[in-house]
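Chemist: Structure for this input, please:
(one chain, ligands or ions: 2)
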Amino acid sequence: MEKTVEKAKEYVKELFRNEFSGHDYFHTLRVYNTAVALSEKENADLFIVSLAALLHDADDVKLSPETAEKKDNAVNFMKSQGVDEDIISRVVKAIDEISFSGTGTVVPSTIEGKCVQDADRLDAIGAIGIARAFSYGGNHNREMHNPDIPPNLNMTKEEYRKSNSTSVNHFYEKLLKLKDLMNTDEGKRIAEKRDRYMREFLDEFLSEWEGKR
Ligand code: ADP
Ligand code: NI
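Modeler: Numbering: from 1, shown residues only. Ligands and ions are numbered 1, 2, ... in the order given. A predicted model of the protein is given here:
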């Protein structure tokens, strides 16, 4: 079990070698560490949580559209390590349930999925979340902020995928909503602290934007 987890870390490190979009190896590692911490509080199955966290972006539709549906990267990796079929399907199910798109959101059906979803969302908020949002924006040639473009708070899944909004709008369209979507108590506690920090950042950002000194 520990060996498979170590191998999974090596596998994603290699897989994300050239990935700088916010879905890099260190994102995966942070999600893994947070998910393990949540899982200990929730008495979730540590092996499922570990594999689901480490492999949660391996078949992300933006990075690997051709494997996204069947999660071939994750499945083939687990098969190569001799992981039981039953565990493979539990991990795949957890990964399937954790993605957030637009206003639609799935509450994972298992505590393992809930821990990984919370950990993934926690990495999108707070100081790291702020850095990731602007780095994603830069990568996608988005404006940092434009007061003439209002946030769109009720996007469908399609609109969200195609959206060309500013990075500041992304806070209102997604990041500030995440705190209220946490599944676990510990996730909620961490999210509240990170959410406060993000709101302070936005207040300061917008006040500097307006020329306040
Ligand atoms: P994950 O799959 O890790 O849940 P996403 O693929 O939704 O996350 O996004 C990766 C990172 O890029 C996150 O930190 C997210 O906040 C950021 N991001 C996604 N879309 C945008 C956007 N339109 N503007 C700014 N940041 C974004
Ligand atoms: Ni992720």
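
Chemist: Which secondary structure state is assigned to Ser109?
Modeler: Assigned with DSSP: H, G, I helix; E, B strand; the rest coil, Ser109 falls in the coil class.

Chemist: Report the contact partners of it.
Modeler: Under the criterion of CB atoms under 8 Å, 6 or more residues apart in numbering, the neighbours of Ser109 are 93, 97. Any C-beta I mention is one placed from the backbone N, CA and C, and that applies to glycine too.

Chemist: Likewise for Met144?
Modeler: Met144 touches 134, 137, 166-168, counting by CB under 8 Å, 6+ apart.

Chemist: Wait, a strand at Asn164?
Modeler: No - looking at Asn164 with three-state DSSP, it is coil, so not inside a strand.

Chemist: Pretty sure it sits against Asn141.
Modeler: No - look at Asn164 against Asn141 with CB atoms under 8 Å: they stay out of range, at 9.0 Å.

Chemist: Which one of these two is surrounded by more residues?
Modeler: More crowded of Asn164 and Asn141, by other CB atoms under 10 Å: Asn164, with 10 against 7.

Chemist: Got phi/psi on that one?
Modeler: phi -120, psi 30 (degrees, to the nearest 10).

Chemist: swap in the one 10 residues further on?
Modeler: Dihedral angles of Lys174 (phi, psi; degrees, to the nearest 10) stand at phi -140, psi -60.

Chemist: What score does Ile95 have for pLDDT?
Modeler: In the predicted model, Ile95 carries a pLDDT score of 95.

Chemist: can you check Thr103 too?
Modeler: For Thr103, the predicted pLDDT is 47.

Chemist: returning to that earlier point: give me the subset of the contacts of Met144 lying in helices.
Modeler: Residues of the contacts of Met144 located in helices (DSSP state H): 134, 137, 167-168.

Chemist: Show the contacting residues for Asp118.
Modeler: Contacts of Asp118 by CB under 8 Å, 6+ apart are 34-35, 38, 182-184, 187, 191.

Chemist: and if we set it to 7 Å?
Modeler: 38, 182-184, 187 (CB atoms under 7 Å, 6 or more residues apart in numbering).

Chemist: Mind checking which of those are in helices?
Modeler: Those of those lying in helices (DSSP H): 38, 187.
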